[in-house]
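K.L.:
Structure, please.
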Amino acid sequence: MDGDRRGWHQCLLSGAVFAVCMAGTTLPTPLYGLYQEKFGFSELTVTVVYAVYAFGVIGVLLLVGNASDAVGRRPVLLSGLGFAAASAVCFLCATGLGWLYAGRLLSGLSAGLFTGAATAYVMDLAPNGGASRATFVATAANIGGLGFGPLLAGLLAQYAAWPLYLPFAVHLVLVVGSAAVLLRLPETVREPRPLSTVRPQRPGLPIQVRAVFVPAATASMVGFALFGVFTSVSPAFLAHSLHVDNHAVSGLVVALAFFASTAGQLAVGRIGGARSLPLGCAGLLAALALLAGALRWDLLSLVVLSAIVGGGGQGLTFRGALSAVAEASPPDRRAAVISALFVVAYAGISVPVIGVGLLTGPIGLEGAGLVFIACMAVLISSAAAYLLRRPVRATT
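P.N.:
A predicted model of the protein is given here:
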């Protein structure tokens, strides 16, 4: 019993470290309008700055996504915290657009190191028989941290001094504290190998994972695509179309999507992993319809409802996908396979976001949003049909 208690204590501490790192990746979300005023760049530039983060994540996942399986979880996570600290310093020193690109790239490198390694680490630290609860801790830490970032930044930017500096100073303190916590947690890789043994990952998966991976990754991608648009351009829509200039409100709307995702993940335990994937796709489709209504009639209430419903749908698909993939993966390949899942998910974040930015100039933000909604609706409907024909089996 004491061993189980200690195991869960360590599992939760590692989840808290995970959440702190991920919070830094969404911290700039409600601040982009202030940066636009300060540096004078377009909405397309906002989406490119945002997407640089996703490219950093994908690059790390492809090059060293399996590093923690070889050298150990803690060295990789400490490196990720180092990149997170460097990202915060870039934003604190920002005097031009180049600093924002550098900060977002470093943030992407940090998240890329954390996504697979931290998820595997949380699951490693859980007591025997606790895989389901550990999966929830990992996904809740990931998505909950993403939600905490814009909420913290929005509140500080609206109600405290130095709106473009204080959020990153606070996060830098949290990162230092997280490093101290991580140094007190045990290493879970029993036979670490030298860093020289780490090689870039080739596209490919263990045979036993492939049948599960395709539908799971498809569902994850469409959920992350919706999140990508929310976190990159929704503050601009709120400000320009709905005249909502309160940074705390802007951050709260984005945070609601991530917090609803955490609730959706929790619901997977009741409805089952196999059903969560198609139901999540249905939730995402409903969220797109609500977002279309918000763009058409300029209604804040529909934006909020879209964030909540879409977040819940994303949570259902994300935890169901992660559970299925993790369960099907051999232990020595788990971090690498999870990293591959995140590569697909983050591709969903980057490509649609840049597409919206490119279309904003010729057809406006509302028109670009409607084009995005139509494309994502087709993709989500196709994914749901695929999952209904070939359901994924996963424990929760």
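
K.L.:
Now do the contacts for T139.
P.N.:
119, 262, 265, 315, 318-319, 322 (C-beta atoms under 8 Å, 6 or more residues apart in numbering). Yep, even glycine has a C-beta here, placed from its N, CA and C like the rest.

K.L.:
switch the cut-off to 7 Å
P.N.:
T139 is in contact with 265, 318-319, 322, counting by C-beta atoms under 7 Å, 6 or more residues apart in numbering.

K.L.:
which phi and psi does G251 have?
P.N.:
Dihedral angles of G251 (phi, psi; degrees, to the nearest 10) stand at phi -70, psi -40.

K.L.:
Go ahead and confirm it touches P30.
P.N.:
Yes: shown here, G251 and P30 form a contact pair, counting by C-beta atoms under 7 Å, at 3.9 Å.

K.L.:
so where do the helices sit in the stretch 1-150 of the chain?
P.N.:
2-26, 32-39, 43-64, 67-71, 73-92, 97-125, 131-159 (DSSP state H, counting those that start in this stretch).

K.L.:
can you pull the buried residues of the last one?
P.N.:
Applying a neighbour-count criterion of 16 or more other C-beta atoms under 10 Å, one finds 131-158 buried in helix 131-159.

K.L.:
That helix to helix 97-125, inter-axis angle?
P.N.:
150 degrees (axes from the mean of the first three to the mean of the last three C-alpha atoms, to 10 degrees).

K.L.:
I'd like to know which elements the helix or strand that helix 131-159 is followed by is packed against.
P.N.:
Counting by DSSP states H and E, the next helix or strand C-terminal to helix 131-159 is helix 166-183. Contacts defined by 3 or more C-beta pairs under 7 Å, 6 or more residues apart in numbering; DSSP states H and E place helix 166-183 against helix 2-26, helix 73-92, helix 131-159.

K.L.:
any idea of the mean pLDDT for helix 166-183?
P.N.:
The average pLDDT within helix 166-183 is 98.

K.L.:
Please spell out which residues along that helix are buried.
P.N.:
Under 16+ other C-beta under 10 Å, the buried positions of helix 166-183 are 166-168, 170-172, 174-175, 178-179, 182.

K.L.:
Repeat that for stretch 194-212.
P.N.:
Those would be 198, 201, 205, 209, 212, for stretch 194-212 by 16+ other C-beta under 10 Å.

K.L.:
how close does G149 get to L27?
P.N.:
4 Å (C-beta to C-beta, to the nearest Å).

K.L.:
and D298, how many neighbours?
P.N.:
14 (other C-beta atoms under 10 Å).

K.L.:
The residue lying closest to it once chain neighbours are set aside - how many residues pack around it?
P.N.:
Nearest residue to D298 in three dimensions, chain neighbours excluded: S241, at 5.3 Å (C-beta to C-beta, 6 or more residues apart in numbering). Using other C-beta under 10 Å, S241 has 18 other residues around it.

K.L.:
Backbone torsions only: list them for S241.
P.N.:
Note on S241: backbone dihedrals following degrees, to the nearest 10 are phi -100, psi -30.

K.L.:
That one against L299, yeah?
P.N.:
No: using C-beta under 7 Å, S241 is not in contact with L299; the gap is 10.0 Å.

K.L.:
circling back: between G251 and P30, which one's more packed in?
P.N.:
P30 (35 against 29).

K.L.:
Would you map the helices across the stretch 151-300 of the chain?
P.N.:
Under DSSP H, counting those that start in this stretch, the stretch 151-300 of the chain gives helices at 166-183, 207-240, 247-271, 273-297, 300-328.

K.L.:
Turn the ones you listed into CSV, including distance to N66.
P.N.:
Below are these laid out as CSV (distance: least, C-beta to C-beta, whole Å):
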stretch, distance to N66
helix 166-183, 20
helix 207-240, 14
helix 247-271, 25
helix 273-297, 25
helix 300-328, 14
